[in-house]
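1. Got a predicted model here, sequence first, then my questions.
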Protein chains: 2
Amino acid sequence: MINIAVLGYGTIGSGVAAVLKTNRGIIARKAGEEIGIKYILDLRDFPDDENADRIIHDYSVILQDPEIRIVVEAMGGVEPAYTFARQAIEAGKHFVTSNKALIAEYGAELIALGASHRVNVFFEASVGGGIPILRPLNTSLSSEDILEITGILNGTTNYMLTKMSEEGSEFADVLKEAQEKGYAEADPTADIEGYDACRKIAILTSLAAGRQVNYTDIHTEGITSITAADMKYAAAMNRRIKLLATSRKAGDSYCVMVAPFLIGADHPLSMVNDVFNAVFVRGNMVGETMFYGAGAGALPTASAVVADIIDAARHMEEHTPIQWDPENLTLVSEKKMACAYFVRTTADPEAIEDAFGNVTYVKAEGIEGEQAFVTGIMDGATYAEAAGRIDGIIQMIRVN
Amino acid sequence: MINIAVLGYGTIGSGVAAVLKTNRGIIARKAGEEIGIKYILDLRDFPDDENADRIIHDYSVILQDPEIRIVVEAMGGVEPAYTFARQAIEAGKHFVTSNKALIAEYGAELIALGASHRVNVFFEASVGGGIPILRPLNTSLSSEDILEITGILNGTTNYMLTKMSEEGSEFADVLKEAQEKGYAEADPTADIEGYDACRKIAILTSLAAGRQVNYTDIHTEGITSITAADMKYAAAMNRRIKLLATSRKAGDSYCVMVAPFLIGADHPLSMVNDVFNAVFVRGNMVGETMFYGAGAGALPTASAVVADIIDAARHMEEHTPIQWDPENLTLVSEKKMACAYFVRTTADPEAIEDAFGNVTYVKAEGIEGEQAFVTGIMDGATYAEAAGRIDGIIQMIRVN
């Protein structure tokens, strides 16, 4: 029996207990031994829960118990998760987490600490929930020069955009519905402003580059400005509006941004609907790959956590290296990213063509009193300069 | 420097050399040391090739060289690959292969031999080319009870079906075009009859079940009977015809088959076009996942081979267990698989409904003199019984 401790008995923590229980036999076969939860650390008590007698409130019990070789953090937030992580690793325990905030901020540091203590630090569930992506990036795609990572990394916004696209509804109405269904939080800021996706693409880019990418350096736009009218234009172009977190190799660095994009119906990401997530990866040898699945939810996320636990259990005496140096990678400005732009404006065609040259006009049923067009491919700085020369821009969405 | 030997300097072997050369720095960083090809075994000489001085013709040189810790087999076919594999493993060398015929036949045996000699046997490239699927199945999805694996696993047939769907052309014409473009071989039997996909789903199912699945036990149908008329009906139903290799959990075993299926436009596999491949995996905790990418081609396949080489290099002194017991898994008959059936027949509605009960009729533009319909969901035995009661069946395609 391999004894583990779970920190936090919320959605993910209780999901981990559920996965370990439901698939006990399969997991024991894969790990080589049965895996049991000895302690669950939580501020609360759960007197009626089947794991009531495993709940403790004092972390030092876990740190001091030599039977605990793997600590699983499922609390979320940076503190006390960060302090607990350091203490676990320094006590020689493998550390598994689903916490994107913790990893985006301290991933490099915790990996280095893990290396010096010869324990594993695994965090598959921190990006893409149940989708296997970090481990494949670190192992299966290890021979690749990663040219692009583009993800639909936030289930809430993807659900909302799918609804807006299918039902023609406005942002505010869809947000309200998503909140009622439990797909959006009471304070939806982190999702709809792109902050959640931003931390996830920071983690993915750090792993692709092998260097620290600060999420605060990433240009991030949310979906709050997307309207039903935009969706009509998208349909007219046979495109979809998706919140993409994208990272493109530029020289020795990456150009990274989070923003709504119009993607073609033939792009693999275009079929990723509702709360599903996907990560599209382009390597210089393998070409296009994509990893698709449930980006959130208790059981899918816990499934990824338990896979990490099994990996740690299989390599109890061995350290798995993860390339993620603490040295900060200076990102290439998002203004350098070349793409076409979809623009809606009250300006007239003469002014538009004067500023942008040849453009392709788009018509959507029932929308009058404005011009909508797609520019040629240009970088962000060129676009901004041209856009500054026409008045009355209603909307701009990048075209992938 | 880690020295490796490559067996076979054909498409994949030379691809491995190209990947190792192009991404040398990245690979060295990931493997911890530079990886160099010391020998290439081939019957031929390549006097003008940059690797001319590495070509040898005597395998014993490789077996007896203690510097060679990793042997990479890229010859294809069962013999002499099988003999060479055993000899390499028995000599204490890690063994990496892209050879699906070898692994479908001797995977369990070679894994067991590897375990007893404490060396790794890796074969990611044998299924899905460059798509990371076997390693994720063995690691990232290790906590899952795998309920379904359904793959588009053959690029040739997927290219042909995509062309037929888009261009309305007939099978024979598309086959000819695919042969001219090099997407289909002069003897296309293994692809168009489903034999290639059959070996791949056998490997995938063996890994999911942890037991040997004999590919000869798998019910396999190809795409040779698919016509332009079928494609018209598919379009009328907003469905796609895809050659699926599918494995569904049934009790403690799996029901496995390779056959053309009609899949809905909302299924993740429906957007997998041209030579691309994808593997859809459903687990009891994670739900739906999908892995998409290039299923063939020198560089994508070689990329997966090199990822295996890096994994072997990282774990030079450690054996990575792979669950695949030699004991044969008795498959559940494909006649037990429940699905709906699309049927074209010259029988009249009365006879159809007498045999199948309520059905949904389908019309396609320009097709007269027949009835086409979709049955309710029933198992294969029930379908066969009902179909036996009507005359003049022109076509049957399962509906996923």
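-> Cool, got the structure. Residues are numbered from 1 along each chain as shown, chains lettered A, B, ... in the order given.

2. Up against chain B, what does the stretch 201-350 of chain A have?
-> Selection of the stretch 201-350 of chain A residues close to chain B by Cβ under 8 Å from any Cβ of the partner chain yields A:210, A:266, A:268, A:270-271, A:273, A:276, A:283-294, A:297, A:299-300, A:302-304, A:306-307, A:309-311, A:314-315, A:318, A:320-321, A:323. Where you see a C-beta, it was placed from the backbone N, CA and C, and this is true even at glycine.

3. hmm, 6 Å instead?
-> A:268, A:271, A:285-287, A:289-290, A:292-294, A:299-300, A:303, A:306-307, A:310, A:318 (Cβ under 6 Å from any Cβ of the partner chain).

4. Just the buried ones among those residues, please.
-> For those, a burial check counting by 16 or more other Cβ atoms under 10 Å in any protein chain shown picks out A:268, A:271, A:285-287, A:289-290, A:292-294, A:299-300, A:303, A:306-307, A:310.

5. how many neighbours does A:G107 have?
-> As a burial measure, A:G107 scores 24 neighbours (other Cβ atoms under 10 Å in any protein chain shown).

6. Which of the residues of the stretch 201-350 of chain A next to chain B fall in strands?
-> A:G287, A:T289, A:M290, A:Y292, A:G293, A:A294 (DSSP state E).

7. Closest one to A:D348 out of those residues, please.
-> Distance to A:D348 across these (Cβ to Cβ) is lowest for A:M290, with 41.4 Å.

8. all helices for chain A, in order.
-> For chain A, helices defined by DSSP state H occupy the ranges A:11-22, A:24-31, A:59-64, A:81-90, A:100-117, A:134-138, A:155-167, A:171-181, A:189-192, A:195-209, A:228-236, A:298-314, A:349-356, A:380-387.

9. Do any residues in the longest one lie close to chain B?
-> Yep, that's helix A:100-117 we're talking about. No: residues of helix A:100-117 are not located near chain B by Cβ under 6 Å from any Cβ, the shortest gap being 12.3 Å.

10. Buried residues, that helix. List them.
-> Result for helix A:100-117 [16+ other Cβ under 10 Å]: buried residues A:100-115, A:117.

11. again, but for the first one
-> Along helix A:11-22, the positions that meet the burial threshold by neighbour count (16+ other Cβ under 10 Å) are A:T11, A:I12, A:G13, A:S14, A:G15, A:V16, A:A17, A:A18, A:V19, A:L20.

12. Which of the ones in strands among the residues of the stretch 201-350 of chain A next to chain B scores worst on pLDDT?
-> pLDDT is lowest at A:A294 among these; the value there is 94.

13. what number of residues lie near A:P321?
-> Neighbour tally, A:P321, other Cβ under 10 Å: 14.

14. ok, now A:R69?
-> 19.

15. With A:A245 instead?
-> 28.

16. can you check A:V258 too?
-> As a measure of burial, A:V258 has 30 neighbours, counting by other Cβ under 10 Å.

17. Who are the contact partners of it?
-> Neighbouring residues of A:V258 by Cβ atoms under 6 Å, 6 or more residues apart in numbering or on different chains: A:G194, A:A197, A:C198, A:T220, A:A245.

18. What separation do you get for it and chain B?
-> Distance from A:V258 to chain B, counting by Cβ to the nearest Cβ, to the nearest Å: 22 Å.

19. Check whether A:V96 really touches A:F123, as I assumed.
-> No: with contact defined as Cβ atoms under 6 Å, A:V96 does not reach A:F123; the gap is 7.3 Å.

20. give the contact list for A:G380.
-> Residues in contact with A:G380 (Cβ under 6 Å, 6+ apart) are A:E334, A:K335, A:M337.

21. In this structure the last one contacts A:C255, no?
-> The reference is to A:M337. Yes: the criterion here is Cβ under 6 Å, and A:M337 meets it with A:C255 at 4.8 Å.

22. which sections of the stretch 201-350 of chain A are below the confidence cut-off?
-> The model of the stretch 201-350 of chain A has no residue with pLDDT under 70.

23. from what I can see A:S206 touches A:Q323, true?
-> No: counting by Cβ under 6 Å, A:S206 does not reach A:Q323; the two are 9.3 Å apart.

24. Those two: which has the busier surroundings?
-> The neighbour count for A:S206 versus A:Q323, taken as other Cβ under 10 Å, is higher for A:S206 (26 against 16).

25. Identify the residue nearest the more buried one in space, chain neighbours excluded?
-> A:V213 (4.6 Å; Cβ to Cβ, 6 or more residues apart in numbering or on different chains).

26. Could you measure from the nearest residue to A:M396 once chain neighbours are set aside over to A:Y383?
-> Using Cβ to Cβ, 6+ apart and skipping residues adjacent in sequence, the residue nearest A:M396 is A:V343, 5.2 Å away. According to Cβ to Cβ, to the nearest Å, A:V343 and A:Y383 sit 9 Å apart.

27. A:T162 now?
-> 27 Å.

28. how close does the nearest residue to A:A236 once chain neighbours are set aside sit to A:Q371?
-> Excluding the flanking residues, the one nearest A:A236 by Cβ to Cβ, 6+ apart is A:A364, at 4.7 Å. Counting by Cβ to Cβ, the gap from A:A364 to A:Q371 is 11 Å.

29. Also A:A184?
-> Counting by Cβ to Cβ - A:A184 and A:Q371 are separated by 33 Å.

30. Could you do A:E385 as well?
-> According to Cβ to Cβ, A:E385 stands 19 Å off from A:Q371.

31. Over to A:K249?
-> Taken as Cβ to Cβ, the span from A:K249 to A:Q371 is 35 Å.

32. and what of A:A236?
-> Distance from A:A236 to A:Q371, by Cβ to Cβ: 14 Å.

33. and what of A:T360?
-> In terms of Cβ to Cβ, A:T360 sits 11 Å off from A:Q371.

34. again with A:P136
-> A:P136 is 44 Å from A:Q371, by Cβ to Cβ.

35. Can you get me a residue count around A:A172?
-> 9.

36. From chain B, how far out is it?
-> 27 Å.

37. A:L262 too?
-> 17 Å.

38. quick one: contacts for that residue?
-> A:A234, A:R239, A:I241, A:F342, A:I397, A:V399.

39. and it, what are its bridge partners?
-> On the basis of DSSP bridges, A:L262 is bridged to A:I241, A:V399.

40. ok, so what distance separates it from A:T360?
-> In terms of Cβ to Cβ, A:L262 sits 12 Å off from A:T360.

41. One more: A:T150?
-> For A:T150, the distance to A:T360 - Cβ to Cβ - is 23 Å.

42. more crowded one of these two?
-> A:T150 (25 against 12).

43. now for the buried ones among the residues of the stretch 201-350 of chain A next to chain B, which pair is the farthest apart?
-> A:M285 and A:L299 (34.7 Å).

44. need the residues of the stretch 1-150 of chain A near chain B, please.
-> Contact residues (Cβ under 6 Å from any Cβ) of the stretch 1-150 of chain A with chain B: A:19, A:23, A:26-27, A:30, A:130, A:132, A:135-136, A:139-140, A:142-143, A:145.

45. Please look at A:K335 and A:A381 and confirm they touch.
-> Yes: if you go by Cβ under 6 Å, A:K335 and A:A381 touch, sitting 4.3 Å apart.

46. ok, how many other residues are close to A:A265?
-> 12.

47. where's the residue nearest to it when sequence neighbours are not counted relative to A:M160, distance?
-> Distances taken as Cβ to Cβ, 6+ apart put A:N238 closest to A:A265, at 4.9 Å, once the chain neighbours are dropped. Distance from A:N238 to A:M160, counting by Cβ to Cβ: 21 Å.

48. Look at these two and report which has more neighbours.
-> A:M160 (28 against 10).

49. number of nearby residues for the closest residue to that one other than its chain neighbours?
-> Nearest residue to A:M160, sequence neighbours excluded (Cβ to Cβ, 6+ apart): A:V174, at 4.7 Å. Using other Cβ under 10 Å, A:V174 has 23 neighbouring residues.

50. check contacts around A:V174.
-> A:M160, A:K163, A:M164.

51. As TSV, the residues you listed with distance to A:Y82 and pLDDT would be great.
-> Listed next are those as TSV, based on distance: Cβ to Cβ, whole Å; pLDDT from 0 to 100:
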residue	distance to A:Y82	pLDDT
A:M160	31	97
A:K163	36	97
A:M164	37	98
